[in-house]
Structure formats: structure tokens, C-alpha cells
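[1] Next input, structure requested:
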Amino acid sequence: MLSMRRRPAMAQTCRSMARISRGNCAGIRAEPLCLGCLSPYIQAVTSPDPLLVFDRAVLRLRRERTARGWEQRSFLKREIAKRLVERLDDVRRTFPLALDLGCHGDEIAAALGDRRSVDRLVRSDLGFDFAARAAGPAVVADEEALPFAARRFDLVLSAMNLHWINDLPGTLIQIARILKPDGLFLAAMLGGSTLWQLRQALALAESEVEGGLSPRVSPFAELGDAASLLQRAGFALPVADSDTIDVEYQHAFALMRDLGAMGEANLVSERRRGFSRRATLVRAAEIYAERFGAPSGRVTASFEVLFLHGWAPHPSQPRPLKPGAARHRLATALGTTEMSTGVKVERN
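    You can find the predicted model right below:
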């Protein structure tokens, strides 16, 4: 709201503008506005955007660094890509043009192998080095601003990539846009139960040693929200399910070192920027070994994988019947007696 003290200055400005006639407007040079004069009304926004959960600039740098020795660190991506492609075998059709969104080291192409379900595969990745090393056509693309034309692909595949998206609903809408009608979207992303053991160990250790908590493990989407996100994005017949991959490590430090080597370390924008205390990490490793040790003497790390399955709408797809349009009674199919609403059932 404007203050009363600013009115004289505003009135003076109005009188100056009144002296400008139509004839001499062309000869007046525009002067830049003084930011100091606008400061009471316009102020810079310094608070962080609540929608920007992940630091994607750091993600791009980590992708470039990780690509150099990816072959020794890609075991998790290979396993997830294999399970994702196996689900494609249940679809009895051929896809002329497919997109691998977040190709990393071409694991999806390797998992497809000699399958004839995909004729041509285009790769895209946020990191230049990954896209440059792809065995087929590839582009460098940001998943939050896809550069592809509408209704371009018959199939979009994505493995272990979408969990770093800030605006996941927006990205799903873009994916639905670039799919042809009756095109398929298949994705696998890390879910909310991923690394739950590490979360607990770090939280307990930091609370004991430092007396507080900070975001140390990135948040992931929950299974209960996955199908609804697909439906909101406009996909037909949305399906979401999950699987868990357990990996054993020698100790918690080996797990944390492996996560950093894979480029899957903490990317929360509000994460602690400095180095963690040695005492906190040592205590976290002790808690991890005490609570989550395996019979082999090693520790277990769980990765929850969410599988998303949705189709671009098409008139040929099955649709649910309207209420009251059923042709057969459920009681007949179940072999029971149908009873009207409100009738009490006598029990022995």
C-alpha cells in the first residue's frame, strides 16, 4: 500500500507529465528508472523457491563427472533397466520410434538387445558426456524442459532418472504431450522407501552428536502418489507398482562412497554445504551396523523402485462403463443371492 509521505513526489511527477504535449513526445528521451525511487514498492525476492527441491545445476556437474567411470558404477541402473524392459515384453505391439529419457550409459538399449519391439531408439540425457557416448542418436536435454515436438514418439522409456525432477507433474505432462495417441510411457524411478536404513542411521547419529537434524538424503515420491500423478498428467489406464532391490555393502562408508560415485548423493537445495563432522559419520556407521547388519557381517541398503505405466489417450482404448450400464449382475458371477439395500441379514 502506498504511504502518505510519497504523495507530494507523485504529484510533482504528474505535473511534469502534464507539461508534455502530443507534438513534442517524439523528441523526449526515455530515462532509466531509479531503483532507489521504486524501493518502497518493489523489492527483490530473496527467499528460496519452495518448488525447487533439488539443485539441478549440481546434478548436471555430477553427471559429467560420473560419466567418466560409469561402467564400474552402473550395476543399479543396469538392474533397473532390465526389469523395466521385461515389462515391455507384456505389450504385444511394435513401437517405431522410442525415446530413452535419461540414458546414462545406454543401459536401456543394452536391455532391449535383440528385441524387435522397438525399431529406432533416441537417447537423451542431462549430461553431455553421457549423450556423446551413446551408441545411437542422442541429444542433451533437460527433463524439465523437453525440446521434442508434440506427438513425436510411440514409446517413452525412463530408468532411474525422474526422481531428480523438481516439477514431476509438469514433466509428466510434457511426456504425455510428445507421445503419439495410444503411445506408451514406461518409467522406473526411486521411491520413498529408498535408503530408509541410511536415513535412520544418519538422523539418530546427527541428533546424538550435534543435537539437531539436517536434510542428508534426498526425498523421493511415494507409491500412493505415482498413479494419481499419471492420471493428473492426462495418461489413460495409469498403473504404478513397486519393487525392492537389496544391496549388501561392507559397511555404511562403502554405501555412501558408492552413492557419490553414481551421482546419487544428496541434492536437496537446503542441504548442508560444509563437510559433515567425522564423529557424526562414524556414529552413523556404528548405528547402521548395529541395526541393519546382515548375517554375512555386511550391511544392507534397500532401493525401492517405482514402476509407472500409462498410455496417451486414444478412442480405441477401453473405458469404464457408466453407472447402471452393466449387462450382468455381480451376484450371478459370484454364485450368491442378491439382496436389496436395507434388508437385514439374519445370522445364526
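
[2] how far away is Ala141 from Leu230?
    The gap separating Ala141 from Leu230 is 21 Å, by C-beta to C-beta, to the nearest Å. For the C-beta atoms, the positions are set from N, CA and C on the backbone; glycine is no exception.

[3] more neighbours, those two?
    For Ala141 versus Leu230, the count of surrounding residues by other C-beta atoms under 10 Å is larger for Leu230: 25 against 18.

[4] residue contacts, the more buried one?
    Applying C-beta atoms under 8 Å, 6 or more residues apart in numbering to Leu230 gives the contacts Leu172, Phe185, Pro238, Val239, Ala240, Leu308, His309, Gly310.

[5] pLDDT score assigned to Pro32?
    As predicted, Pro32 sits at a pLDDT of 51.

[6] Provide the secondary structure category for the nearest residue to Val209 once chain neighbours are set aside.
    Of all residues not flanking Val209 in the chain, Thr280 sits nearest, at 4.6 Å (C-beta to C-beta, 6 or more residues apart in numbering). Following DSSP: H, G, I helix; E, B strand; the rest coil, the label given to Thr280 is helix.

[7] Quick check, Thr280 in contact with Glu210.
    Yes. If you go by C-beta atoms under 8 Å, Thr280 and Glu210 touch, sitting 6.1 Å apart.

[8] Those two: which has the busier surroundings?
    Thr280 (18 against 14).

[9] Pull up the gap between Trp196 and Ala221, please.
    14 Å.

[10] of those two, who's got more company?
    Neighbours per residue, other C-beta under 10 Å: of Trp196 and Ala221, the larger number sits with Ala221, 20 against 14.

[11] if I pick that one, what's in contact with it?
    His163, Leu168, Met189, Gly191, Gly192, Leu229, Leu306.

[12] Show me what secondary structure element comes after the helix or strand that contains Leu121.
    In the assignment (DSSP states H and E), Leu121 maps to strand 118-125. Proceeding N to C from strand 118-125, the next assigned helix or strand is helix 128-132, under DSSP H and E.

[13] Now that following helix: buried residues?
    Phe130, Ala131 (16 or more other C-beta atoms under 10 Å).

[14] So which elements touch it?
    Helix 128-132 makes packing contacts with helix 56-66, strand 118-125, strand 138-140 when contacts are defined by 3 or more C-beta pairs under 8 Å, 6 or more residues apart in numbering; DSSP states H and E.

[15] Comparing those, which yields the minimum mean pLDDT?
    For those, where the average pLDDT is lowest is helix 56-66, sitting at a mean of 89.

[16] for the record, mean pLDDT for the helix or strand following that helix?
    Once helix 56-66 ends, the next helix or strand along the chain (criterion: DSSP H and E) is helix 75-88. The average pLDDT for helix 75-88 rounds to 96.

[17] Can I get helix 75-88 in PDB, CA atoms only?
    Taking Å, rounded to 0.1, in the frame of the first residue of the first chain, the C-alpha atoms of helix 75-88 are listed here in PDB:
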ATOM      1  CA  PHE A  75      25.100 -52.000 -11.600                       C
ATOM      2  CA  LEU A  76      22.000 -50.500 -10.100                       C
ATOM      3  CA  LYS A  77      21.000 -48.800 -13.400                       C
ATOM      4  CA  ARG A  78      21.600 -52.000 -15.300                       C
ATOM      5  CA  GLU A  79      19.300 -54.000 -13.000                       C
ATOM      6  CA  ILE A  80      16.500 -51.400 -13.100                       C
ATOM      7  CA  ALA A  81      16.700 -51.000 -16.900                       C
ATOM      8  CA  LYS A  82      16.500 -54.800 -17.200                       C
ATOM      9  CA  ARG A  83      13.400 -55.000 -15.000                       C
ATOM     10  CA  LEU A  84      11.800 -52.100 -16.900                       C
ATOM     11  CA  VAL A  85      12.300 -53.700 -20.300                       C
ATOM     12  CA  GLU A  86      11.000 -57.000 -19.100                       C
ATOM     13  CA  ARG A  87       7.600 -55.200 -18.500                       C
ATOM     14  CA  LEU A  88       7.700 -54.100 -22.100                       C
END
